[in-house]
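A.B. asks: below are the sequence and a predicted model; questions follow.
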Amino acid sequence: PKCEGTPPQPRGNHTTSLVEAKFLLVMGGRDTAQYFDDIHVFDTEALAWTQIRSHPNPTAPTRICSHVAEGIQSVPSYMLFCFGGQTANEKDRTAWSFRNRVDVLDCRTMTWMSSHGVVFGDPPHPREDTAWAFDQKGAKLIMFGGWANDWMSDMHTLDVSGIVGPPYALQELVPSEGPITGKSNIII
């Protein structure tokens, strides 16, 4: 089948994250000439590419590659967490540095929340090529290792429960009206 829309430019060292079980978000990366700050969305049902440009804050938080990103279901919408990697300015690809920021994209509004005021505590040392996984039960991102001019073997956790909420949500109470006392039967 043929895909609609314009796919991202060829690149490596980017991330692709699954959101809402049908959207792939391709973020950042680099080629031989530049670092990218774009985000592309592939709708796996419609087989269509779109680049996020119709929202007030559509780009990645910076030109970034070799980072990690994870789409996490939250209440009321998915959040995309991004950490680490390399960043560089648009003009000079050799002037790059490692990052240790966590940035969070609200996938409903497509706006970024900066780690300042969202993430608390001492961040890990700046790095790229780290790995992380989401522990749904504990609502924590668990990160291990990475590279910053030497291999790292440290482990860190980031409690995201304050951002994504609990791993459940009340959708309905039956009966939906009337007093509920200690002996009332309800269905949640």
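C.D. replies: Received it, and whenever you're ready, just let me know what you need.
A.B. asks: what comes into contact with the strand or helix carrying residue 146?
C.D. replies: Here residue 146, judged by DSSP states H and E, is contained in strand 140-147. Residues outside strand 140-147 that contact it (Cβ atoms under 8 Å, 6 or more residues apart in numbering): 68, 70, 81, 83-84, 124, 127-135, 151-161. C-beta here means a position set from N, CA and C on the backbone, and glycine is covered the same way.
A.B. asks: next one: stretch 111-130 to chain centre, how far?
C.D. replies: For stretch 111-130, the distance from its own C-alpha centre to the chain's C-alpha centre is 12 Å (Cα atoms, centre = their mean, to the nearest Å).
A.B. asks: in the protein, which spans are strands?
C.D. replies: Ranges of strands within the chain are 15-19, 23-27, 39-43, 48-51, 64-65, 68-72, 79-83, 86-88, 96-98, 102-106, 111-113, 131-135, 140-147, 151-159, based on DSSP state E.
A.B. asks: lowest mean pLDDT across these, which one is that?
C.D. replies: When the strands of the chain are ranked by mean pLDDT, strand 111-113 comes last with a mean of 81.
A.B. asks: for that one, packing partners?
C.D. replies: If contacts are counted by 3 or more Cβ pairs under 8 Å, 6 or more residues apart in numbering; DSSP states H and E, strand 111-113 sits against strand 102-106.
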